[in-house]
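**Q** could you work out the structure for the sequence below:
(2 chains, ligands or ions: 3)
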Amino acid sequence: MTATVRVTSKGVPRYSRNERVTHWIVTITFFLLALSGLAFFHPAFWPLTALLGGGVWSRILHPYIGIVMFLAFGLMGLRYWRENIIQPFDREWGKRLPDIINNRDEGLPEIDKYNLGQKQLFWAMVVTMLLLLASGVVLWRDLTAFPVAAIRIAAVVHALAAFVLMLGIIVHVYSAIFWVKGSMRAMTLGTVSRSWARHHHPLWYRRVAGKE
Amino acid sequence: MNMQSLNLDKRSATTTQPPDVRVAEVPVAKLIDISKCIGCKACQVACMEWNDLRDEIGINVGSYENPRDLSAESWTVMRFAEYQRENGDMEWLIRKDGCMHCADPGCLKACPAPGAIVKYSNGVVDFISENCVGCGYCIAGCPFNVPRISSIDNKAYKCSLCSDRVSVGLEPACVKACPTGCIQFGSKVDMIARGKKRVGDLKERGVQTAALYDPPGVGGTHVMYVLPRGDAPERYSGLPADPSISPWVAVWKGVSKPLLSAGLGLAVLGAFFHFVTRGPKEEHADEEEEKQ
Ligand code: HEM
Ligand code: SF4
Ligand code: SF4
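**A** Ligands and ions are numbered 1, 2, ... in the order given. Below is the predicted model:
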């Protein structure tokens, strides 16, 4: 984040304790929301209502969990938006997408703390979270009373926004856990290895490490 | 209410055909001949009596309407509309409002809870309240603005067409109570014939605008009206002229369900096969890195 962090033998600090806690709150609430929401979306997923204690409890709890997720994500949004502004070198990096997908990472343009895919996911999350909140509040019959016409539109918007967000998260989770080895510890321990930082985010590495 | 001989044409949030082998069941219909209605509300009383419902006692707001609207406790209400013609004449248009028992019910299409809404093979659309989760999607799905969520138990309610009475060969309670014979009950075929005959009679007597209301946009209904002003159904407190399931509901509960679900499945498979074919981006140990 800032140039004050210290690169130690334990690695390069990437996320503070508070940042990690916020991220995992968003993750846990997201999964509860996605699974309970899917249960309402398609009958094939109805058994997932068991996760929150049945259909009625899913209906009651889903919106409250949504508010928690939105607030937690709001903190992340405020923390990270600057670092997610798309730069010219990101576009250059993006042109090498076929190579990146095929793990031919030699000679990629140097990028900062986040790559183009991460930045695009960030903005997609900002937009879909706002849409989910707005449409979710309209659907929230327990506390609100919107006209039927608005509720019909909100239902479609909510389902579409949730779909886009879930697609994004599938890619995000796959990259973090399975694809790009060494990423996971950024959100568990809070640090990444120097090798990881230099390979995947060289501009950021030099910025925080102040060397090379 | 679960009947042993449950025979279902449709069942909410169910992707396969529910039990429906008893093909000899006759589709039924209630015919409400508005030209014979005197607005006495015997049907309203019979409904609350038979179904053990008691709505809150309202206040007089200068209209015969009481209660003012359908509710979880009032499954049918009489609507009284005063319509002024261009020449100054008044029309007093009374309509018994309630569930129309659509052949293609928007409530059932929208409901996410398996078996919370069923359509029996005789055409009656019924809410099976023990399966209801109280989400209110049925309200969004209904083109007639009929279902209501109870503030007591958060379940959705509406007219059941007295499915319990009909299943044992009785007519609905409102039909039994109506003193003028305005509400009739029988097979849908008979009721259409009777309705058409009545429309013919009315036309003969000078009511040229009379019509039978059995809107095709929802596949027809198992509650039909004979409307003296059949040319302008909206005058009867907003009865829609050409009701159909909203396109938003059709998209939400139609194409989007299988399409988006398949999209998510493919994304997961895509990730899996990427891993299997391309493998991970390995990480070098810091020491190796330094040596290079
Ligand atoms: C931002 C705050 C959110 C609020 C206030 C909210 C609220 C709601 C409400 C009131 C419903 C109606 C059904 C119910 O009560 O369970 C609903 C349905 C749903 N929610 Fe959310 N939600 C939010 C976030 C999310 C998120 C993050 C996801 C998934 C990624 C999601 C996925 C869904 C889905 C798939 C449905 C079913 C829609 C349908 O039936 O088509 N929601 N939401
Ligand atoms: S009138 Fe509304 S509640 Fe009744 S069957 Fe039709 S869609 Fe369902
Ligand atoms: S409120 Fe009940 S009946 Fe209506 S859509 Fe939801 S689960 Fe189905």
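
**Q** just to be sure, B:Gly270 is in a helix?
**A** Yes: counting by DSSP: H, G, I helix; E, B strand; the rest coil, B:Gly270 is part of a helix.

**Q** count the neighbours of it for me.
**A** By other CB atoms under 10 Å in any protein chain shown, 13 other residues sit near B:Gly270. For every residue, glycine as well, the C-beta is placed using N, CA and C.

**Q** now do the one 10 residues further on
**A** The criterion is other CB under 10 Å. On that basis, B:Pro280 has 15 neighbouring residues.

**Q** what count of nearby residues applies to the closest residue to it other than its chain neighbours?
**A** Nearest residue to B:Pro280 in three dimensions, chain neighbours excluded: A:Lys181, at 5.0 Å (CB to CB, 6 or more residues apart in numbering or on different chains). When neighbours are counted by other CB under 10 Å, A:Lys181 registers 15.

**Q** need the pLDDT of A:Lys181.
**A** pLDDT recorded at A:Lys181 is 95.

**Q** A:Ser183 is in contact with A:Val192, isn't it?
**A** Yes: using CB atoms under 8 Å, A:Ser183 is in contact with A:Val192, at 7.3 Å.

**Q** between these two, which is the more surrounded one?
**A** Between A:Ser183 and A:Val192, A:Val192 has the larger neighbour count (other CB under 10 Å), namely 26 against 18.

**Q** partner residues bridging that one?
**A** When assigned by DSSP bridges, A:Val192 has beta-bridge partners A:Val12.

**Q** contact partners for it?
**A** A:Gly11, A:Val12, A:Arg14, A:Gly182, A:Ser183, A:Arg185, A:Ala186 (CB atoms under 8 Å, 6 or more residues apart in numbering or on different chains).

**Q** need those residues in a markdown table with secondary structure and distance to ligand 1, can you?
**A** Shown next, in a markdown table, are those (DSSP: H, G, I helix; E, B strand; the rest coil; distance: CB to the nearest ligand atom, whole Å):
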| residue | secondary structure | distance to ligand 1 |
| --- | --- | --- |
| A:Gly11 | strand | 32 |
| A:Val12 | strand | 31 |
| A:Arg14 | coil | 25 |
| A:Gly182 | coil | 27 |
| A:Ser183 | coil | 22 |
| A:Arg185 | helix | 26 |
| A:Ala186 | helix | 23 |
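
**Q** distance to ligand 2 added to these, as a markdown table?
**A** What follows is these, written out as a markdown table (distance: CB to the nearest ligand atom, whole Å):
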| residue | distance to ligand 2 |
| --- | --- |
| A:Gly11 | 60 |
| A:Val12 | 60 |
| A:Arg14 | 54 |
| A:Gly182 | 55 |
| A:Ser183 | 50 |
| A:Arg185 | 54 |
| A:Ala186 | 51 |
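
**Q** for chain A, give me the ranges with low pLDDT.
**A** Per-residue confidence of chain A (counting by pLDDT under 70) places the weak regions at A:1-9, A:211-212.

**Q** which residues of it lie near ligand 1?
**A** A:30, A:33-34, A:37-38, A:40-41, A:58-59, A:62-63, A:66-67, A:69-70, A:132-133, A:136-137, A:139-140, A:155, A:158-159, A:162, A:165-166 (CB under 6 Å from any ligand atom).

**Q** now those residues: which count as buried?
**A** Listed as buried from the residues of chain A next to ligand 1 are A:30, A:33-34, A:37-38, A:40-41, A:58-59, A:62-63, A:66, A:69-70, A:132-133, A:136-137, A:139-140, A:155, A:158-159, A:162, A:165-166; burial here means 16 or more other CB atoms under 10 Å in any protein chain shown.

**Q** what about the residues of chain A next to ligand 1, which are in helices?
**A** The members of the residues of chain A next to ligand 1 that map onto helices under DSSP state H are A:30, A:33-34, A:37-38, A:40-41, A:58-59, A:62-63, A:66-67, A:69-70, A:132-133, A:136-137, A:139, A:155, A:158-159, A:162, A:165-166.

**Q** how is chain B partitioned into domains?
**A** Partitioning chain B according to automatic domain parsing yields domains covering residues B:8-245, B:247-279.

**Q** most tightly surrounded among these?
**A** domain B:8-245 (a mean of 18; mean count of other CB atoms under 10 Å in any protein chain shown).

**Q** is any residue of it near ligand 1?
**A** Yes: counting by CB under 6 Å from any ligand atom, ligand 1 is contacted by domain B:8-245 at B:Pro112, B:Cys135.

**Q** so how far is that domain from its chain's centroid?
**A** Relative to the chain's own centre, domain B:8-245 is displaced by 8 Å; criterion: CA atoms, centre = their mean, to the nearest Å.

**Q** now check it, is it near ligand 2?
**A** Yes: residues of domain B:8-245 contacting ligand 2 under CB under 6 Å from any ligand atom: B:99-102, B:105-107, B:125, B:142, B:144, B:146-147, B:158.

**Q** let's see the helix or strand B:Lys196 falls within as PDB, backbone CA atoms only.
**A** Per DSSP states H and E: B:Lys196 is located in helix B:188-204. What follows is helix B:188-204, C-alpha atoms only, in PDB (Å, rounded to 0.1, in the frame of the first residue of the first chain):
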ATOM      1  CA  LYS B 188     -65.800 -24.800 -17.600                       C
ATOM      2  CA  VAL B 189     -67.500 -25.900 -20.800                       C
ATOM      3  CA  ASP B 190     -70.900 -25.500 -19.200                       C
ATOM      4  CA  MET B 191     -70.000 -22.100 -17.700                       C
ATOM      5  CA  ILE B 192     -68.800 -20.800 -21.000                       C
ATOM      6  CA  ALA B 193     -72.000 -21.900 -22.700                       C
ATOM      7  CA  ARG B 194     -74.100 -20.300 -19.900                       C
ATOM      8  CA  GLY B 195     -72.000 -17.100 -20.000                       C
ATOM      9  CA  LYS B 196     -72.400 -16.800 -23.800                       C
ATOM     10  CA  LYS B 197     -76.100 -17.400 -23.600                       C
ATOM     11  CA  ARG B 198     -76.400 -14.700 -21.000                       C
ATOM     12  CA  VAL B 199     -74.400 -12.300 -23.100                       C
ATOM     13  CA  GLY B 200     -76.700 -13.000 -26.000                       C
ATOM     14  CA  ASP B 201     -79.800 -12.300 -23.700                       C
ATOM     15  CA  LEU B 202     -78.200  -9.000 -22.600                       C
ATOM     16  CA  LYS B 203     -77.500  -7.900 -26.100                       C
ATOM     17  CA  GLU B 204     -81.000  -8.700 -27.100                       C
END
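
**Q** so for it, mean pLDDT?
**A** Rounded mean pLDDT across helix B:188-204 is 98.

**Q** hmm, who's touching the helix or strand following that helix?
**A** Moving toward the C-terminus from helix B:188-204, the next helix or strand (DSSP H and E) is strand B:211-213. Contacts with strand B:211-213, where a contact means CB under 8 Å, 6+ apart, come from B:192, B:195-196, B:199, B:221, B:224-227, B:230-231, B:233, B:239.
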